[in-house]
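**Q** This is a predicted model, with the sequence first.
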Amino acid sequence: MRYLIKILGLILVICFYNNAIGQIHNENYSKERMYLQTDKTTYLAGELSWFKIYNTDAFTNSPSEISKIAYIELLDNNNTSVLQEKIALHGGTGNGSLFFPKNLTSGTYILRAYSNWMKNEGEAVFFEKPISIYNTKMGVEANNSWRLKKQENNYSKNEGLQIDLILNKTYSTRDKIAIVLNVQDQSGKPTAANLSMSVYKIDGLQEVDSLNITNYLSQPSNTVVESIKFLPEYTGHLITGTILNSTTQKPISEAFVYCSVPGTNTQFKTSLSDRNGNFKFEMPNLYNEGKIIVQADNEYSQISKIIIDNPFLNRTKINSLLIGDSISKALLLDRHINIEVQDYFTKAKQVSLRTYNFDTSSFYYKADRTYLLDNFVRFSTLEEVVREYVTPISLTKNKGVFVMNVYDEEQKQFFENTPLVMLNGVPIFNVNKLMEYDPLRIKKLDVIMRTYYYGNTSFSGVINFITYDGKIEDETLIPTSSIFDYDGLQKERNFYTPIYESTEQKETSLPDFRTTLQWIPNIDIPASGSKTLTIFSSDIPGKYIISIQGINNEGKTGSSLIPFEVKTK
């Protein structure tokens, strides 16, 4: 109920101030603050970085329910974004990973995170964290190198959660490490919480990461928002853009614009452009293959130009993070060998992705008629298929132009207006080209035999041809100007770690050169405040640190750093 009231108030603020120029007072504006825990701070090119996102209410510190998308960027010392990812948020948290390409140059980079809603306050409130990346193949000189400046934290530490870890101080290689977690609030009572944990090796290359969620979120929130330009992504990712007349370059108002995501999971949205030609699509669960198709309705498809906005914001801050220091070539070489060996033997396991369980039905949910083409005689042309056994569709030809009409089951007659014709959920306006498509690639045909209302428009029936692979390889069906490179949400990787429970597992000849022993982005502590975790050491001896951080539903935060040592057997 508390969040419902807050969101209703937020909607009222947006409606009132959407076109405002004047100042918006802080007490009327729900602000967000974002914090990222990373698995460590020093990496080699070709390595994976893991992170956990905590998106909080700036005033209460409690998990924010406003934004459902976080924008993650890796920026170089020239503020050029070299990596960008969109991460789904659920209940104020999300997690993901970044793969640092092997051609990435050595240097200090900024890891940045923010929501669309935070962009209204400006980049001053964005989360930023410096990280070091070394490219050993390009060469790093030992006596003429760089390190991150020591980051001073001037904010007081007032942790509301006490996180205690119980474990031994010393373990052997390939050992089982049991960690007992106990979480209490300020009064000493057990409490539920959501935590994240990293276990990594510390040495002359990787120091202890002292940044923690409590100190970071203790920063004061005193920004002033002048106007609302960026809407909150409360249900999913917002794709925004502008439709222009391709000749005059002037905005086209009141034009229907369609957004489609090719694939077996049909995703289709409509939007009506405003007086400035602006349009937007709400796209929940946008897990695509790097492409979207955005096109105007047939009325404007030949005379329009579509521009898609970049949801990432340019960084304007000046960097001053480098400091001369000496880097041990031996440490870099050891780390390089460890990563190369680990990749060689376990690369396939490291790239496994989480399985997603979300609604994969078409935007129209269930068709009135579905034709599985393998159940019928296979004809050589799509025209024959439609004419021979798809009775709800009338296919005629007038002056060499094919026209389709759908039977209106409610009025018991064919619609006069043409339907929405689609291939894999993508509108096709040139039916003649569609009739040239190979019918053997079509798996099924869905037909909606009624007026279909969707968003702010309606269609005189829907016809959707669906292929086996969900792809549209024939670009003659879709103008190339309508196809945009646009990555959706990142699919979450699974962190790989071997198990050494039995003697047989411990004695396997497969090398284990992990220096990051474990990364667990979601540890749900029950109301009892206690949980036991199990991790396993690798073949690499040395000193390690357990970094665990988190938050509870009341916005109380906590962190803990516990060292231990791994010795060779």
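**A** Everything's here; your move. Numbering: from 1, shown residues only.

**Q** longest single helix anywhere in the protein?
**A** As assigned by DSSP state H, the longest helix anywhere in the chain is helix 329-350.

**Q** any residues touching it, and which ones?
**A** For helix 329-350, the external contacting residues (CB atoms under 8 Å, 6 or more residues apart in numbering) are 44, 46-48, 134, 136, 140, 142, 203-205, 493, 496, 510-515, 540. In this view, the C-beta of every residue, glycine as well, is placed from N, C-alpha and C.

**Q** Please spell out the PyMOL selection for the buried subset of the residues you listed.
**A** Under the burial definition 16 or more other CB atoms under 10 Å, those of those that qualify are selected in PyMOL by:
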select buried, resi 44+46+47+48+134+136+140+205+493+496+512+513+514+515+540
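
**Q** Give me the residue at the spatial middle of the chain.
**A** Among the residues of the chain, the one closest to the centroid is residue 87, at 2.3 Å (CA atoms, centre = their mean).

**Q** I figured that residue hits residue 97, correct?
**A** No: under the criterion of CB atoms under 8 Å, residue 87 makes no contact with residue 97, lying 9.7 Å away.

**Q** Now for these two: what residues contact both?
**A** Shared contacts of residue 87 and residue 97, counting by CB under 8 Å, 6+ apart, come down to residue 490.

**Q** Strands of the stretch 451-569 of the chain, residue ranges please.
**A** Along the stretch 451-569 of the chain, the segments classed as strands by DSSP state E, counting those that start in this stretch run 457-467, 483-485, 516-525, 530-536, 542-551, 557-567.

**Q** Using a markdown table, lay out the ones you listed together with mean neighbour count.
**A** What follows is the strands of the stretch 451-569 of the chain, written out as a markdown table (neighbours: other CB atoms under 10 Å):
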| stretch | mean neighbour count |
| --- | --- |
| strand 457-467 | 21 |
| strand 483-485 | 14 |
| strand 516-525 | 19 |
| strand 530-536 | 16 |
| strand 542-551 | 21 |
| strand 557-567 | 18 |
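
**Q** Let me have those strands in a markdown table, extended by mean pLDDT and distance to residue 279.
**A** Putting the strands of the stretch 451-569 of the chain into a markdown table (pLDDT from 0 to 100; distance: least, CB to CB, whole Å) gives the following:
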| stretch | mean pLDDT | distance to residue 279 |
| --- | --- | --- |
| strand 457-467 | 95 | 12 |
| strand 483-485 | 92 | 13 |
| strand 516-525 | 97 | 35 |
| strand 530-536 | 97 | 47 |
| strand 542-551 | 97 | 37 |
| strand 557-567 | 97 | 40 |
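
**Q** Residue 71 and residue 85, how far apart?
**A** The span separating residue 71 from residue 85 equals 8 Å under the rule CB to CB, to the nearest Å.

**Q** cool, residue 56 as well?
**A** Here the criterion is CB to CB. By it, residue 56 lies 20 Å from residue 85.

**Q** cool, and residue 198?
**A** From residue 198 to residue 85 the distance is 19 Å (CB to CB).

**Q** where exactly do the strands run in the stretch 1-150 of the chain?
**A** 32-38, 42-44, 48-57, 69-75, 81-88, 93-99, 107-114, 127-134, 145-148.

**Q** Tell me which of these approaches residue 372 most closely.
**A** For residue 372, the closest of those is strand 81-88, at 33.1 Å, according to CB to CB.

**Q** to the chain's geometric centre, what's the distance from that closest one?
**A** From the chain centre to the centre of strand 81-88 is a distance of 7 Å (CA atoms, centre = their mean, to the nearest Å).

**Q** Give me the helices and strands touching that strand, please.
**A** In terms of contact count using 3 or more CB pairs under 8 Å, 6 or more residues apart in numbering; DSSP states H and E, strand 81-88 is assigned the packing partners strand 69-75, strand 93-99.

**Q** who has more neighbours, residue 198 and residue 85?
**A** Regarding residue 198 and residue 85, a neighbour count based on other CB atoms under 10 Å identifies residue 198 as having more, with 24 against 18.
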